[in-house]
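Student: Fold the following.
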Amino acid sequence: MNLDTLIPVSPRNGPGVRDSSKPAELIHAPRILIAEDDDLIRQIISDLLVGDGYVVNAVADGEEAWEALRHDDYDLLVTDNSMPRLTGIKLIERIRQAGMSLPVMVASSSFFAWNLREYPHLQIAAVIPKPFDRSEFLDAVRNILLSNEDKYNQSI
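Tutor: Residues are numbered from 1 along each chain as shown. Below you'll find the predicted structure:
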């Protein structure tokens, strides 16, 4: 399994630098798994999310994503649909059959929002068509994570 982990790094000086005279706060940066077979698109999505402060693992297909999900916890899965070995939809079906409630966003040029009518049982949180606008993509990610956090807080 080829799993790339990208972790945001704060600049050494500037507004993102923590004041070392104050105690460190525990911050949970949401963990996002990306399943995308196109190397360039996978890198663009990874860079975009890391730049927004997320911890990102990126894999090249649905089978690798399934293995990653079986071994680690994530706050969101961003998946393409058309991938070798296991499509995005088949991956999501496997996730739901396993009882995982992980939020999923599909970023694809072959699966569109209107396709959701055919898959209500998969509980797909969002569909972003490729090519996508970067700010629209990040807004969708933030909204999904906020919505999932609200659901979690209501269940406590």
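
Student: and the closest residue in space to Ile128 that isn't next to it in sequence, how many neighbours?
Tutor: Nearest residue to Ile128 in three dimensions, chain neighbours excluded: Ala107, at 4.6 Å (C-beta to C-beta, 6 or more residues apart in numbering). For glycine as for every other residue, the C-beta is placed from the backbone atoms N, C-alpha and C. Neighbourhood size, Ala107 [other C-beta atoms under 10 Å]: 25.

Student: which element is Ala107 on?
Tutor: If you go by DSSP states H and E, Ala107 is part of strand 104-108.

Student: now do Arg85
Tutor: For Arg85, there is no host helix or strand (DSSP H and E).

Student: pretty sure it is touching Gly62, no?
Tutor: Yes. Between Arg85 and Gly62 there is a contact under C-beta atoms under 8 Å: 6.1 Å.

Student: more neighbours, those two?
Tutor: Gly62 (24 against 14).

Student: Now that one. Nearest residue, chain neighbours left out?
Tutor: Leu86 (2.9 Å).

Student: Go ahead and confirm that neighbour touches Asp61.
Tutor: Yes. Using C-beta under 8 Å, Leu86 makes contact with Asp61 at a distance of 6.3 Å.

Student: related to what we said a few turns ago, so what are the sheet partners of the strand holding Ala107 and their directions?
Tutor: With DSSP bridges as the test, strand 104-108 is paired with strand 76-79 (parallel), strand 126-129 (parallel).
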